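**Student:** model the structure of this input:
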Amino acid sequence: MRKIFLACPYGHADKVIVEHRFQIASAVAATMLRSGATVFSQVSMSHPINGYLTGLDPAAIGRLWGPVDTVFMEAMEELIVIDEPGWKESAGVAREIAFFQQRDRRVSLWSEVRSEFTP
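**Tutor:** Predicted structure coming up:
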């Protein structure tokens, strides 16, 4: 069984884009689950919780999630990045890629591996 950490750009000044990224991450995670993979989608988990972290700026919220992400990244064997617009500029995605590369774990783009999850 594949153990996948799913990465996706998230933060943006436009709340519509943030919501779109949450929806995309959740849809991709569902596709992976249906294929039998174990997947942790950080954006899918954090987005609903972030609404309750009132009074914190995005950087403070990111600092809260950093240690949580590390726990899940340690548990997963590979990283798949949803290569939606903004992924190359995302500091979070860059950090996640570096984490997996430093451990010689597989790193893939969703556009390159999507067919592996389609029946």
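**Student:** just checking, next helix/strand downstream of whatever helix or strand residue 48 lives in?
**Tutor:** Assigned by DSSP states H and E, residue 48 falls within helix 42-50. Sequence order places helix 58-75 as the next helix or strand after helix 42-50, per DSSP H and E.
**Student:** what mean pLDDT does that following helix have?
**Tutor:** With pLDDT averaged residue by residue, helix 58-75 scores 93.
**Student:** list the buried residues of that helix.
**Tutor:** 62, 65, 69, 73 (16 or more other CB atoms under 10 Å). C-beta: built from backbone N, CA, C; applies to glycine.
**Student:** tell me the one of these nearest residue 13?
**Tutor:** Among the buried residues of helix 58-75, residue 62 lies closest to residue 13 (CB to CB), at 14.9 Å.
**Student:** would you mind measuring from the spatially closest residue to residue 96 that is not a sequence neighbour to residue 43?
**Tutor:** Counting by CB to CB, 6 or more residues apart in numbering, residue 7 is the residue found nearest to residue 96 once chain neighbours are left out, at 4.6 Å. Here residue 7 is placed at a distance of 8 Å from residue 43 (CB to CB, to the nearest Å).
**Student:** more neighbours, these two?
**Tutor:** Applying other CB atoms under 10 Å to residue 7 and residue 43 shows that residue 7 carries more neighbours, namely 30 against 24.
**Student:** thanks a lot, see you next time.
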